[in-house]
Every structure is written in C-alpha cells, then in structure tokens.
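> 3D model of this:
(4 chains)
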4 protein chains.
Amino acid sequence: MTIRVGVLGSRGRMGSEVCRVVGEADDLELVATVDEGDDIASLSDADAQVVVDFTHPSSVADNVRFLVEHGIHGVVGTSGMTTEVLDDLRTRLDGAAGLGVMVVPNFGIGAVLMMRFAAQAARFYDSVEIVELHHPNKADAPSGTATRTAQLIGEARSAAGLGPGPDATTHDPDHARGATVDGVHVHAVRMAGLVAHQEVLLGSAGETLTIRHDSFDRASFMPGVLLAVRSVVSRPGLTIGLESVLDLD
Amino acid sequence: MTIRVGVLGSRGRMGSEVCRVVGEADDLELVATVDEGDDIASLSDADAQVVVDFTHPSSVADNVRFLVEHGIHGVVGTSGMTTEVLDDLRTRLDGAAGLGVMVVPNFGIGAVLMMRFAAQAARFYDSVEIVELHHPNKADAPSGTATRTAQLIGEARSAAGLGPGPDATTHDPDHARGATVDGVHVHAVRMAGLVAHQEVLLGSAGETLTIRHDSFDRASFMPGVLLAVRSVVSRPGLTIGLESVLDLD
Amino acid sequence: MTIRVGVLGSRGRMGSEVCRVVGEADDLELVATVDEGDDIASLSDADAQVVVDFTHPSSVADNVRFLVEHGIHGVVGTSGMTTEVLDDLRTRLDGAAGLGVMVVPNFGIGAVLMMRFAAQAARFYDSVEIVELHHPNKADAPSGTATRTAQLIGEARSAAGLGPGPDATTHDPDHARGATVDGVHVHAVRMAGLVAHQEVLLGSAGETLTIRHDSFDRASFMPGVLLAVRSVVSRPGLTIGLESVLDLD
Amino acid sequence: MTIRVGVLGSRGRMGSEVCRVVGEADDLELVATVDEGDDIASLSDADAQVVVDFTHPSSVADNVRFLVEHGIHGVVGTSGMTTEVLDDLRTRLDGAAGLGVMVVPNFGIGAVLMMRFAAQAARFYDSVEIVELHHPNKADAPSGTATRTAQLIGEARSAAGLGPGPDATTHDPDHARGATVDGVHVHAVRMAGLVAHQEVLLGSAGETLTIRHDSFDRASFMPGVLLAVRSVVSRPGLTIGLESVLDLD
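Numbering: from 1, shown residues only, chains lettered A, B, ... in the order given. Here you go, the predicted structure:
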C-alpha cells in the first residue's frame, strides 16, 4: 500500500525536488501540489495522508494548523516555527489521536550522522577540532552546523570529565588557531569550487579518527525528506529533528 | 581508590607499553609484572585485582585459568583463545561470582568506532566502498579489519533490504574495482610511509560521508587497554570485544 | 584590445557554457555562434580571430580546415582528430604564417597539473598508487585520466631507474590490490554522490605526499578553454594539450 | 665508485640517523664520525669526500671552514648559518675550484615539492587556503612551513595579477577564518596523534586541487640528505636549499 503525499510550496526549489522524488518512489504517490495562489483544500480533497511543507516562515504555522484540523500528517522543512507555534502544535496533536508532525531543521542525513558520530567519539580522544569548508558566498563563520557540532562535542567531553585538548600554543598573533566554540577549535575555509563540507578530526597518541561530510546539492536532502514522510505516519505527536527516526541505537 | 594491576608478558612489545601506561595512570597501580621464567604466583602474591595478558597463544589458556582460580579479573589481548577455551572459561566464570574476563581481539578504540559508525550509516547510502592502506610488508589483502568492516556493512545493508550499490562498470580487465566482500568493494593500498589506515566512503546523490581511521603505532591501543582494565572489575562473566564497554547507545 | 571569439557547436553542453564565459570575460568578445543548420561562413563574416570547436568527430576536420583557410585561430575540444587529420593540419599551418591551432584532449587545468606534479614527484618516492573515484554510471575502470597518470608516473620511475614499489602481498585472492598500469597500482571507486575525482598517493619511509583533484561539473573546464583562447593567438602552428601553455617551468 | 662520507654530530638524533642510512647505501661509504670530544681531523685523515654537519649553531661555522680548508664538500643541516657566515663561505669557495657546500634549511623533499607545486598551481585558481596540522606541543601558529608556503603562493598570485580570493564573510567574531599571510588564509590544527602535516587547498568553479604532505618522523628527511650528499660533489660553490638539485624543470 502506498502513502498518499501532498506538497506545499511545490514550485519552490526544495518543493519541486520533493515532488520529483515522491513521484519516483514506489511506495509513495503524489496526490496534490499546492503553491501560492492555489487552494490548500486540494490537499484534503485529494485525501493526502502526509503533506510536506517547504513554504515560508510567514505561512507555515497556518499550513500546519490546517493539516492537523484535517487529520493529515505533516513534515515541515520550513524555518520559522517559533516556540509558541510549537507549543500550540503540541497541544493540538494531543487531541488528535495517532496524528504526527515532524519539524526538521536539517534533512541531511549525512550531517545528522556526522554530528552524532562526532559526539559519540569525542570522549575517547584527547583532541577534537572541526574544519568546515564552504563556498565563498557565505556570510557567517563558522557555519551553523559546525557550531552545533562543537556544542555537541563540548557537551560530550564535559559529561566525560574532559577539559580542553592539549595545546602548547603560546604565539599565534593572527589567530591561525581559529575560533573556539565550547572548548573546541573550529576552522572555516571559504573557497570557490566548494559547496558545504565539514571534517571532524579526533586524535590521541598514535591515532586519528576523521569524520567528513561533503554535500554538493539539495538532492542530498531528499532521502531525509522521504524518511520523514515514511516515518511520520507511525509517530503520533510532535517530533523535532531527523535523529529520532534514524533508529541508530 | 586505585585498581591494582598486574601484567603477564611484561617484557614484550605490547606488555611493556601496558606497564608504562598503567604506571602513569592516577587510578591504577602496577603491582606485579611477569614474563617467561618468572613465577606467575607473584600476581596473586601482590594482590593484583586485574591482570592484562599479552603472552602467547600457547600459554594464554593456562594463564587465564590461573587468574580465575585466584579471583583475579583478566583482560586478554593474546590471540589463540579457541571456542573450547572460551566455553570452558565461561563455565568457570559462572561459578566465580563477580569475576570478569574480557577477551579483546582489537584494542583500537578508533577502529571499533569506525566499524560501528560505518555499519550504522550503511543503510542510509546507495553506495559504500572501503579503501584500506597499510605498510608494504603486509602479506594479506584486504586487511582483517577491512574484511570485518565489509561484513558488518553487508549485514546492515541486507537487514535494510539493500542490494549492491549502483555500478555500470562493464569493462575492467585488470580488476581496478578491487575485491568484493559481502557485496562491498574493498581496495587495498600498500605503501612505504604508511602504517595502518582505513577509509569507509558512503555516497548518495549529492553527498558523501567519509569515516577514516589512521593508526601510527601501538600507543594507539593503550587507551583501549586502560578502558578494559577499568571496565572489567564491574563486568562479571565473559565479555568479548571492546564495543560493549564503549557504552555508545 | 579584446579578442574576437566564435563558437562552433554553440548550442551543445560544452559550447553553450563556452559562449557564456566568453561573454563574461572582459578581454574577449563573442562575435559569432554556429551550430547545426547555421552557416559556418558567419564566423569569417564576423571577423572572428579565434574559434572554439565543440562539435562532433564527424565534422571537426572540415571545421578546422575552414578556419585555417580563413586565417582564424582554432581551439579544438572535439575528439576524433586522427593522426592523419593532425598531420594534414600541421602541413596546412606550415603554410599559414602566424596561424595557430590548439587541440586539447582535456581542458581541466587541475587534471593537467595533477598529472604533471605526480610525474615530477614520482621519482622521489618508493611507492606510488592511484585511487580514482567516479559516479556509478561510468562503464570503464580505471578511468582514462588514471591510466594516463599511471603511464606518466611509470615513465618517470623508469627514467630514474626505479622498479615497482615494495609490496609483500602474497595472498590477495579477490584482487583487492586493484589494477596495475605500467607498474603502478590503480584503484577505481564507483559511488553515488561522486562526479570525477582522483588521488595520487606517494610514500617513502616516514612521509606521504598526496595530490588530489576533485571535479564537480563542466564549469571546471572553462578556465582551460579561456586560457587556450588567449594563448593560441601567439602560438603559431599546431599545439597539442594544455600543458605547454601553462608555462610551468 | 662510492662516495666517502663523514658525519659531524654523529651521535645526535639526526646525525645518528644519517650514519645509519649512509651505511646502508650501496654508493656511499661511512668513513668517519665525529661528535663532541672527538678530533675533527679524523674527517680529513679518513679522506672523507663529503661531510654532513648536524651539530650546533655555535660550531657549524668553524666546522664548515675546516671542511673548505681540507677540500671536503659539505652538506649542512645545522641552523645558525648567518648572512655573514654565508658571505664568507661564498668567498672561500670562490678560491676552492670544484668544491661545493650545500646549506639546507629543510631536507624534507615532500615539503619542498608541496611548496613548489602549490606556488605553481596558485595562479590558476580563484581561491587558495592552507591547513597545517601539528602535534600539540608546538608553540607557534602557523608553522614556518605554512608561512613560507603562503608567501610563495602570495608571490605567485601577485605576479599573475590576482588579488585575494572571493570571500563574503561579514560575521566572524571568533576568527574562525584563521590567519591571513600575504593574502592567503592559514589554519592551524593542534592535535594529539599528529606529527607534521600540511594541506594546500586550491579551488575554482566546479573543481578543487589538494596537495597534502604528511610527515611522521625524521626518517623522512634522510632521502633529502642522501640526495644532497650525492649532488654536492658535482655542484661547486654555495647552494642554498634542496630545490635546485631536485631538477624539476
């Protein structure tokens, strides 16, 4: 039996890609697509079981409310779901037996795995550093993913009673050692030819462990979207992030 | 309170390194060292709580029996523990309340982590291949670790219903595609300047995840030995491998 | 003063990209584009000084003859220039004072640099191996670039009196050691998520040198095309390959 | 015919390693070794043709003077050869027909190749950055090799009329972008398990080129020492650095 899927924001860059891969999946059926100017009711008219939302921070809250009211599971990739919206959503889902919504900040399974593996490995190594590498049009350094990874590593090291790694640097006038986030050195490379890449380096006497993720285009988010679509039908209530459905333990 | 540690095979390459790191650890005390020609009774005379064995396949079974009889926990890095020896050991430990023995084929925490992460990530990717790189004096290709990693990946992919990765190769007269172990391509590099290295490459449309382990010398096994020593005192019975004490879930 | 450029095969994948980058370059002017059905005379009518040909093996010889007859420099990226065609072209250029044609099998400057650096470094290292990594739709293994690189390395090692690298492998039933091209081991990875990548690994006691090229799309060939266009106007006669204009010595 | 070699500083870490590899080379003969307390005249008494000096900044000038006076070629790995000493040496060599001295700041052939290749490739890429990785006991960041590499890259880019690479970073409060040396971003990683490593990353639209050098121990300097010993006998006068004898053009 296939899952009947609708897409909100179907003409956007992410939404159109979602339409494509849902259409190609044997166990999914694309039954409705909605974008600006279309009637959202076409989702319920088409009996969609799951709807993926890649719209806009200004409309996502209303969209999700519509889905819950009509007993449609939701997978939300749009940012802008505030704490208030999430709390309200949680309450609504309490009253909607069996209905589930997943809100996913990052659909990249590889990035989620990298962060998890790095955090798990961190307490076994004396040293951990992060090198993130991105295209030169990025305004912020370090990247959000690198910052989040450093925080997870920092937490894991603290929990294991580890302080900062060994570092005898006494002379670094130009900040070659990079940023320090929660005790973890983070280096940001900006280079033509790159898209989005990150390397976590862990070292102890006589060995190193390296976990690297390279992301080239938004196709890399589609497996995460499909996983969420397939998972949400059996996950009542609100789920944040992809990690809980990766079933890694 | 410190743990009183003895070392069997204390003058060997691994044993002497174990003596060194036990001596340096604040929570451990090196109380007895035994090698060929020495009296094994000095371990019990010194009230050792844990004994690490890096001796020889021909003597390890007797050594472990001695330890169990004297109520000393054991950490065994020597190979040659046959199924019969292990079964016998299990029975003896059943009758020795609270006593534990760990038999560890690979003390490299990094190698264990790499294998585990690779197996966990395998089902999320269309393609997985392994490149192992070693010094040129190695007789076998691929390495035991690469073969074991491929088996774990193969199991994970089978369990997830995945077949072999996509591969349109029709012309490969000289076997550039390497070996295939449980459906996973494995490539072996042999090169001066290298010691023991392995890279697991995972790929799906638009992204790759790489997990790499570099091991330069036997110092890299010592954290695993220390972890086993600290863990075995609270793990009654027989434990095989380091993974169960890494506490990764 | 700008160079007046025409493009043959202007609607093809490479040709259209060439039109784009010529149009964007300050020192070049796109004055004529010709594809199937168009009149090739528009190139001479527009007073093109250099014409780039990305057409078809069946038409490239005629195209180049037209260019030489009309005193237009040529940059040829189309394959299928046989030895006979090249010999004939050489003769024609002898009689056309100052006129130049460049025939370029690979416009990737990075690939050319990688091959050159690998060949230069090869004689200083005991061991050299190549790992090439490509998308899974490739039919041949190893890649043409890897084979060419291995040949150049093999030549350099022979010239330096070096034999094959050290290798104690006695047991490799499944060909994990890969292909051997001119004494150099070559490993081919085929993986979803990859495009075209190659790593040359060189090692001697205590050190390794790695040269890696990653190519993600045909944009990476455009700097090589522009370099050829700018170079050909001052290189009379026939030039094969990009290397001679990179001016590396 | 073998070259008769003497070693000054023969009991030091580098000197003893030099004695070992000279002893193993078929075309070299170790005829004299001198360290503190020994008589330097034993070098001339033994008819050494080439002497390698790994002593101390305070004695190297005297040692080299002795060699020139006795018509012995010199290979100097000791630091502390000031401009005055070098000028004096140059004058003395002018009067000693056929005699040569090589002063070599870095005997690592791999490091020299990396710097040269990076400088040659630099002008073909929009972006260049350096990541250097060292053991955590290093006091300075970035490393001298990284600084030197950045300078060579900066010169090559300036000569080619290139400015700094593209970089839209507007927000980098913690210096994640690292140091900037002659317009080139340099990142320094300090990690247990590492020795001395450097990666030069070059990128343009659609491609990257990476040149990486990994050095694990002083064995890696020996091929450079042997090359210098073999070269100096046919290089009259003063030669600075290994590059000129690598014969790369």
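
> Not counting sequence-adjacent ones, nearest residue to residue A:183?
Distance criterion Cβ to Cβ, 6 or more residues apart in numbering or on different chains; nearest residue to residue A:183, sequence neighbours excluded, is residue A:164 at 4.6 Å. No exception for glycine: its C-beta is placed from N, CA and C like everyone else's.

> Phi first, then psi, for the one you found.
Phi and psi for residue A:164, reported as degrees, to the nearest 10, are phi -70, psi 160.

> ditto for residue A:52
phi -100, psi 130.

> Neighbours of it, how many?
30 (other Cβ atoms under 10 Å in any protein chain shown).

> Confirm for me that it is in contact with residue A:225.
Yes: assessed by Cβ atoms under 8 Å, residue A:52 is found in contact with residue A:225 at 6.3 Å.

> shared neighbours of these two, anything?
Jointly contacting residue A:52 and residue A:225 under the rule Cβ atoms under 8 Å, 6 or more residues apart in numbering or on different chains are A:18, A:75, A:77.

> where does chain A have low pLDDT?
A:249 (pLDDT under 70).

> Tell me the helices and strands packed up against the lengthiest helix in it.
The helix that spans the most residues within chain A, counting by DSSP state H, is helix A:144-159. Contacts defined by 3 or more Cβ pairs under 8 Å, 6 or more residues apart in numbering or on different chains; DSSP states H and E place helix A:144-159 against helix A:109-122, strand A:127-134, strand A:179-181, strand A:184-190, strand A:196-204.

> Which positions within it qualify as buried?
A:145-154, A:156-157 (16 or more other Cβ atoms under 10 Å in any protein chain shown).

> how far away is residue A:239 from residue B:104?
Look at residue A:239 and residue B:104: by Cβ to Cβ, to the nearest Å, they are 38 Å apart.

> Who has more neighbours out of these two?
residue B:104 (24 against 20).

> how about that one, what does it touch?
B:75-77, B:224, B:228, B:240-242.

> Please work out how many residues are found near the residue of chain A found nearest chain C.
Residue nearest to chain C within chain A: residue A:216 (6.4 Å; Cβ to the nearest Cβ). By other Cβ under 10 Å, the residues close to residue A:216 number 19.

> Against residue B:215, how distant is it?
For residue A:216, the distance to residue B:215 (Cβ to Cβ) stands at 30 Å.

> so the longest helix of chain A versus strand A:184-190, what angle?
Here helix A:144-159 points in a direction 170 degrees away from that of strand A:184-190 (axes from the mean of the first three to the mean of the last three Cα atoms, to 10 degrees).

> And for helix A:144-159, what's in contact with it?
Under Cβ under 8 Å, 6+ apart, the answer for helix A:144-159 is A:106, A:111, A:114-116, A:118-120, A:122-123, A:128, A:130, A:132, A:142, A:163, A:181-184, A:186, A:188, A:196, A:198, A:200, D:176.

> Just to be sure, residue A:7 is in a helix?
No: using DSSP: H, G, I helix; E, B strand; the rest coil, the assignment for residue A:7 is strand, not a helix.

> ok, now how distant is it from residue C:248?
Taken as Cβ to Cβ, the span from residue A:7 to residue C:248 is 52 Å.

> Have a look at these two and say which one is more surrounded.
residue A:7 (30 against 17).

> Show the contacting residues for that one.
Residue A:7 sits in contact with A:15, A:18-19, A:22, A:30, A:32-34, A:51-52, A:54, where contact means Cβ under 8 Å, 6+ apart.

> and of the buried residues of helix A:144-159, the nearest to chain D?
Of these, the one sitting nearest to chain D (Cβ to the nearest Cβ) turns out to be residue A:146, at 7.8 Å.

> Next, count neighbours for the residue nearest to that closest one when sequence neighbours are not counted.
Nearest non-adjacent residue to residue A:146, counting by Cβ to Cβ, 6+ apart: residue A:132, 4.0 Å away. For residue A:132, the neighbour count with other Cβ under 10 Å is 26.

> Tell me, how many residues neighbour residue A:22?
Residue A:22: 23 neighbours (other Cβ under 10 Å).

> who's in contact with it?
Here residue A:22 is in contact with A:5, A:7, A:28-30, A:52, A:226, A:229 (Cβ under 8 Å, 6+ apart).

> Let me see the backbone angles for residue A:224.
Dihedral angles for residue A:224 - degrees, to the nearest 10 - are phi -70, psi -40.

> how much space between it and residue A:246?
9 Å.

> what does residue A:182 give?
24 Å.

> Among those two, which residue is more densely surrounded?
Taking neighbours as other Cβ under 10 Å, residue A:182 and residue A:246 compare with residue A:246 leading, 19 against 16.

> contacting residues around the more buried one?
A:109, A:112-113, A:227, B:124.

> residues touching the residue nearest to the spatial centre of chain A, list them.
Closest to where the C-alpha atoms of chain A average out (Cα atoms, centre = their mean) is residue A:106, at 1.3 Å. For residue A:106, the contacting residues are A:112, A:145, A:224, A:241-242, by Cβ under 8 Å, 6+ apart.
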